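Asker: Pasting the sequence and the predicted model now:
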Amino acid sequence: MLDISGASKRYPNGLLALAGLDLHVAQGEILAIVGGSGCGKSTALRLISGLDSPSSGTISLDGTAIAAPREEIGMVFQEPRLMPWLSIDDNVSFGIRHLPVAERKVRVSEALARVGLASHAGHWPRELSGGQAQRVALARALVGRPKVLLLDEPFSALDALTRGDLQEHLLDLWAYDRPTMILVTHDIEEALFLADRIVVMQPNPGRIRAEVTPPLARPRDRLDPEFLAWKYKLLAELDHASRKPTGDETFPAAAI
Ligand SMILES: Nc1ncnc2c1ncn2[C@@H]1O[C@H](COP(=O)(O)OP(=O)(O)OP(=O)(O)O)[C@@H](O)[C@H]1O
């Protein structure tokens with residue numbers, strides 16, 4: 001489905017942000033990428049989204065190289081990034097303005113209904129709470145009916161209660177048509193709650209350190225002893241990964 005092979009990114013200032021990323025993400029899989037600040041998580045997501053291109057290596061979706069942003073790849077950022085001068089429905093339909101009006105209307109109503117904001121279509125961004133604004137950002141990503149949904153720290157700016165609600169809501173949205181999801185997060189608990197597979201990255205340069213498929217039944221219970229055991233295992237791995245690499249780590253990544 002989504003294939004990333006040897007993808008590296010060197011920025012114009014010479015910094016190697018990502019070195020030889022290899023990932024295969026199956027149709028419908030929920031993959032989380034975790035790691036400390038600066039290990040290349042957002043860079044990886046930007047390359048997959050087509051917003052930026054790798055310096056070397058390839059990234060393809062169903063066999064076609066990703067060279068620019070596409071409708072079938074939706075993206076949600078940490079901040080909702082809504083345009084304050086547009087109503088909620090116009091914000092949601094912005095990326096599909098090339099479609100006929102009738103089709104746009106159907107898709108916008110459907111996307112807003114799916115995030116529980118059907119009655120907010122004519123409202124304005126300034127009238128929304130942080131959680132509602134992030135739901136609109138989700139609707140905007142869903143309106144293109146994406147095969148792949150990329151989420152870059154989507155809930156980290158929200159309070160714990162709203163974050164928990166939206167994490168559960170995201171799983172409901174996923175169950176509807178099972179898009180492939182790649183979630184970048186600092187939050188190990190969020191990764192364990194949502195993901196089928198978790199990739200831990202390390203910095204200098206950004207690369208995969210470890211990979212795990214937690215054998216936890218769904219729906220997951222954050223207080224379950226097994227869930228907590230995995231949480232501490234991953235926290236320890238993250239702690240190792242955030243230390244400066246000595247250069248003698250095993251590569252490719254070992255499973256935890
Ligand atoms: N446009 C850019 N030009 C130069 N360097 C960049 C650019 N974007 C990111 N970097 C650098 O690349 C490295 C990886 O950045 P990236 O944002 O991908 O990390 P991250 O893991 O997402 O970090 P965080 O969790 O703090 O968002 C960092 O050292 C960052 O300073």
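Answerer: Noted; the coordinates are in hand.
Asker: Following the record's annotation, map out the domains of this structure.
Answerer: Taking automatic domain parsing as the reference, the chain has its domains at 2-72+146-156+181-255, 74-144.
Asker: ok, which stretches of this structure are helices?
Answerer: 41-49, 88-93, 101-114, 130-142, 160-177, 188-194, 225-242 (DSSP state H).
Asker: Throw these into TSV and include mean neighbour count and mean pLDDT, thanks.
Answerer: For every residue, glycine as well, the C-beta is placed using N, CA and C. Listed next are the helices of the chain as TSV, based on neighbours: other CB atoms under 10 Å; pLDDT from 0 to 100:
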stretch	mean neighbour count	mean pLDDT
helix 41-49	23	95
helix 88-93	23	96
helix 101-114	16	94
helix 130-142	23	93
helix 160-177	15	90
helix 188-194	22	95
helix 225-242	16	91
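Asker: Quick one: name the residues of this protein near the ligand.
Answerer: Within the chain, the positions adjacent to the ligand are 11, 13, 15, 17, 35, 37-43, 206 by CB under 6 Å from any ligand atom.
Asker: now, which of these sits nearest Asp172?
Answerer: Nearest to Asp172 out of these is Lys41 (CB to CB; 25.0 Å).
Asker: Confirm for me that the closest one is in contact with Val184.
Answerer: Yes - taking contacts as CB atoms under 8 Å, Lys41 lies within contact range of Val184: 4.4 Å.
Asker: Give me the common contacts of those two.
Answerer: Ile33, Val34, Asp152 (CB atoms under 8 Å, 6 or more residues apart in numbering).
Asker: Of those, just say which sits nearest to the ligand.
Answerer: The ligand lies nearest to Asp152 out of those, by CB to the nearest ligand atom, at 7.6 Å.
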